[in-house]
Structures are given as C-alpha cells and as structure tokens.
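Enquirer: Requesting a structural model of the entry that follows:
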Amino acid sequence: MCRIGAIKSKNPLHPSQALHLMLPQQEGHDNSGFAMVMQDLEGEFADFKAKPLLSLACKQDGLKLVQDYMDANNFAPIKEYIPKPNRIAGLDIQALPYYVFRAYEYPEYYRHRSQAEKEELLVDTRLALRQILEEAGEGYVFSFWPDVLTLKEIGDPADIATYFRLWEDNGDLMARNIVVQCRQNTNYEVVRYAAHPFFLQGYTLCANGENTFYTKNKEYQKSLHRGYIGFESDSQNFLYTLHYVHRQLNWPLVYYKHVITPLPFDEIERRPDRQVLGAIRQSLGHLEINGPNTIIAMLPDGSMMTCCDSKKLRPVVIGGDSTTIAISSEVCGLHAILPGRDPEKDIYPNEREVVLIKPDMEVERWKQ
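Expert: Presented below is the predicted three-dimensional model:
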C-alpha cells in the first residue's frame with residue numbers, strides 16, 4: 001500500500017516540509033522512489049511564473065537533443081536551475097548525470113496567441129521531447145508548464161532528498177502547493193515515468209491503491225487525447241480521466257467522482273438528477289474504476305482535492321491551521337508538520353465524498 005500527501009499553504013514552503021509529511025508514514029512505502037510536483041513557485045522561479053518551465057532528467061547526449069529541439073522550435077531559455085548534488089558515498093539512488101529545470105520564452109510567433117493555443121503547444125512540445133529522449137534512451141521529461149516543477153527519481157526517498165539537498169531549506173526551491181509520493185510503481189516495470197504524481201496540462205494526481213479496470217480504462221483513453229500515453233501505472237488512468245472530464249469535456253468537477261465511481265442504477269433512479277447521472281454512466285462507463293484506492297489531485301488553478309473508492313478501502317485525512325492545509329494517507333503525517341492544528345477539525349472523507357481545498361484555502365465537502 002502506497003502513502004501519498006499534499007500541502008497547500010498561503011506561504012511558500014520548501015520541499016523538506018513534504019518530506020517531513022511523508023517520513024512518519026515510512027512503513028507504507030518500500031524505499032523505491034521519490035517524486036514531487038511543485039506549483040505556485042517562489043525561490044529561483046518566482047519571477048518567471050508566466051513562462052513555461054521544463055523539468056527533465058537526462059544523460060549528456062539527451063541534454064543536447066533537448067537543446068537542439070528547443071532551439072529549432074524557437075524556445076529561448078531565460079532562467080535555469082541545476083541542482084548541485086551531494087554525491088556522498090552509499091546513497092541509494094539511481095542518479096542520472098543531469099537534472100535541469102529551465103524556463104523558456106514562448107516562440108515569438110506564439111507570444112500573442114490565446115492561452116488555449118499556448119497550452120496545446122506546450123503539451124505537443126513535451127510529447128515531442130519525450131519521444132526524442134525515449135528513442136535515444138537518453139532521459140525523461142516530466143513536465144513543461146508555467147509555474148510547475150517536477151522531480152522524479154528511483155531509490156530511497158531519504159537518500160534522494162540528501163542527494164538533491166532537499167533537507168536544506170535554502171530558499172532555492174519554494175512553492176505554495178506540493179504533491180508528493182515516496183514510492184515507485186510496483187505493479188509494473190519500475191521506470192521514472194511510473195512514479196506518482198503524474199502531470200498533464202496543469203493537472204497533477206497521485207493515488208494510493210489499485211485500479212483493476214486498468215485495461216478497460218487504458219484502451220478507451222488511448223482514443224480520447226494524444227497526451228494519454230505511457231500507461232506505466234494503472235493510476236495514470238485517474239489523471240487522464242480527470243483531465244478528460246474537467247478540461248476536455250469542461251464538466252463541473254463534481255462529476256469526476258460520478259464518472260470514476262458511479263452510483264448504482266437503482267440509486268440513480270431515485271435522484272432528481274437521474275437523467276444526467278444516467279447519461280454519464282452510459283456514455284463514460286469505460287472510465288469507471290474499481291479496486292481499493294484514494295486519489296489526491298491538484299488542478300491548474302491551485303485547488304486540491306481528494307476522494308476514495310466506493311468502499312473506502314484506503315485511508316486519507318485532511319487537516320490544517322490558519323496558513324496551511326495538508327492531505328495525508330495517515331494522520332501521523334499531519335502531526336509532524338502541523339502540530340499546532342486542532343485535530344478535532346480533521347476531515348476523514350467517506351466513500352461518497354469529495355473534499356476540495358480552493359485557491360483561497362476554503363475547504364468544501366461534496367456528497368456524491
């Protein structure tokens with residue numbers, strides 16, 4: 001069973017806070033990897049929020065391939081942050097030679113295009129870079145999006161944090177929103193792309209559990225969007241469905257839960273919104289999920305949400321104080337980073353519930 005977590009704060013946080021959220025839950029991960037997505041950045045990228053930020057890990061030739069492609073497509077680099085690794089002996093990490101976080105100026109002919117056109121360009125660019133690196137066996141590109149930074153690595157999370165100096169709160173990497181998981185994919189091949197959280201066009205998602213409808217979801221999703229690729233983990237289905245329902249179909253977020261864990265037909269028939277719910281179940285039945293799981297997601301506007309499977313077979317809890325709210329698989333994580341909060345106000349979502357943390361930190365609970 002995985003452990004997942006997320007932190008949303010009014011004040012910029014260092015990744016060390018996310019690590020402290022996860023450390024008490026160490027029994028629930030197997031020291032196979034660490035990954036995080038940071039959004040609403042400060043620190044090194046505070047002045048570049050509107051510029052697309054590329055996050056990649058690669059070999060030397062891979063870095064040259066990326067640079068050549070970006071130059072050929074008129075992306076001009078304007079800010080770069082390269083971690084200075086702590087290469088002490090004995091660390092459990094499968095490190096690559098280069099980890100690069102680089103902000104770019106849009107190509108000149110795109111600078112006055114609509115936001116929607118820019119967002120399509122960014123996903124196409126990321127997919128092209130991924131293909132180039134995969135074919136050459138030279139690296140991985142994890143995200144290419146404004147105000148978003150992604151890091152994924154294989155190994156012991158504590159050692160990975162030591163290697164990247166993530167224990168040192170030096171102000172370089174800061175964000176108001178952080179989603180994290182301390183485990184690699186274990187149901188399929190261990191590759192960096194399989195590590196949660198997953199990211200696509202502003203949507204971030206990690207999951208604790210399994211999706212036994214993986215094959216059904218995958219075969220259907222392949223036809224829905226060019227960005228639904230890889231499928232290195234069954235949990236990627238959750239991200240692609242969230243992206244499809246909320247972005248592509250432009251449906252209210254509340255319907256996401258009805259797509260992945262639809263109500264029984266007899267219960268739908270007793271509801272005033274039965275026509276809508278019935279249509280969802282009939283038209284998107286191939287996106288239903290099954291199995292024990294809990295989801296944490298972050299939306300392009302900085303909102304965070306969590307929901308569970310229809311039987312509530314995986315844990316999750318939400319708690320916070322006046323400046324910070326966190327989502328954690330286990331309450332011990334909240335105790336570690338929010339010791340002064342009121343535990344009586346913690347929320348333990350049930351199987352029919354979505355909990356949403358809005359950009360202004362207001363918490364909403366939606367009953368399915």
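
Enquirer: List the first helix or strand encountered after the longest helix along the chain toward the C-terminus.
Expert: Ranked by residue count under DSSP state H, the longest helix found in the chain is helix 115-136. Using DSSP states H and E, the helix or strand that follows helix 115-136 in sequence is strand 139-146.

Enquirer: Could I get the buried residue list for the longest helix of the chain?
Expert: Across helix 115-136, burial judged by 16 or more other C-beta atoms under 10 Å covers 118-119, 121-123, 125-126, 129-130, 132-133. Just so you know, the C-beta spots here come from the backbone N, C-alpha and C atoms, and that holds for glycine as well.

Enquirer: can you tell me which two in those residues are farthest apart?
Expert: Greatest spatial distance among the buried residues of helix 115-136 (C-beta to C-beta): K118 and L133, at 22.6 Å.

Enquirer: Need the three-state assignment for the residue of the chain most remote from its centre.
Expert: Centroid-distance maximum for the chain: R270 at 35.9 Å, with C-alpha atoms, centre = their mean. Following DSSP: H, G, I helix; E, B strand; the rest coil, the label given to R270 is coil.

Enquirer: which residues touch it?
Expert: By C-beta atoms under 8 Å, 6 or more residues apart in numbering, the contact list for R270 is empty.

Enquirer: now swap in L287 and tell me
Expert: L287 neighbours (C-beta under 8 Å, 6+ apart): 217, 220-221, 237, 241, 244-245, 259-260.

Enquirer: Pick the one among those residues closest to E168.
Expert: Closest approach between the contacts of L287 and E168, by C-beta to C-beta: N237, at 36.4 Å.

Enquirer: Check what pLDDT the closest one gets.
Expert: What the model reports as pLDDT for N237 is 96.

Enquirer: how about low-confidence regions in the stretch 51-200 of the chain?
Expert: Along the stretch 51-200 of the chain, the parts satisfying pLDDT under 70 run over 183-189.

Enquirer: May I see the buried residues of helix 115-136 arranged in JSON lines, with distance to L13 as well?
Expert: Converted to JSON lines, these look like this (distance: C-beta to C-beta, whole Å):
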{"residue": "K118", "distance to L13": "28"}
{"residue": "E119", "distance to L13": "26"}
{"residue": "L121", "distance to L13": "30"}
{"residue": "L122", "distance to L13": "25"}
{"residue": "V123", "distance to L13": "27"}
{"residue": "T125", "distance to L13": "29"}
{"residue": "R126", "distance to L13": "26"}
{"residue": "L129", "distance to L13": "29"}
{"residue": "R130", "distance to L13": "29"}
{"residue": "I132", "distance to L13": "34"}
{"residue": "L133", "distance to L13": "30"}
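
Enquirer: So which residue is smack in the middle of the protein?
Expert: T204 (3.0 Å).

Enquirer: show me what contacts the closest residue to it other than its chain neighbours?
Expert: Leaving aside its sequence neighbours, T204 sits nearest to M298 (C-beta to C-beta, 6 or more residues apart in numbering; 4.1 Å). By C-beta under 8 Å, 6+ apart, the contact set of M298 is 6, 37, 39, 177, 179, 197, 203-205, 304-305.

Enquirer: cool, and A103?
Expert: A103 makes contacts with 45, 48, 51-54, 77-80, as judged by C-beta under 8 Å, 6+ apart.

Enquirer: Mark which of those residues are part of helices, please.
Expert: Those of the contacts of A103 lying in helices (DSSP H): none at all.

Enquirer: do you know how far the residue nearest to T204 is from V148?
Expert: As for M298, its distance to V148 is 9 Å (criterion: C-beta to C-beta, to the nearest Å).

Enquirer: which residues do these two both contact?
Expert: Residues touching both M298 and V148 by C-beta under 8 Å, 6+ apart: 37, 39, 204.

Enquirer: would JSON lines of the residues you listed with distance to P24 and pLDDT be doable?
Expert: Listed next are these as JSON lines, based on distance: C-beta to C-beta, whole Å; pLDDT from 0 to 100:
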{"residue": "V37", "distance to P24": "21", "pLDDT": "98"}
{"residue": "Q39", "distance to P24": "24", "pLDDT": "98"}
{"residue": "T204", "distance to P24": "23", "pLDDT": "98"}
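
Enquirer: Run through the helices of this protein in chain order.
Expert: Listed in chain order (using DSSP H), the helices of the chain are 15-22, 60-72, 115-136, 157-163, 214-221, 236-243, 254-260, 265-268, 274-283, 331-337.

Enquirer: Only alpha carbons, please: show the fifth one as CSV.
Expert: Which is helix 214-221. The C-alpha trace of helix 214-221 is given here as CSV (Å, rounded to 0.1, in the frame of the first residue of the first chain):
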residue,chain,number,x,y,z
TYR,A,214,-6.8,-0.6,-15.8
THR,A,215,-7.0,-2.4,-19.2
LYS,A,216,-10.6,-1.2,-19.9
ASN,A,217,-9.7,2.4,-19.0
LYS,A,218,-6.4,2.3,-21.0
GLU,A,219,-7.9,1.0,-24.2
TYR,A,220,-10.6,3.7,-24.1
GLN,A,221,-8.4,6.5,-23.1
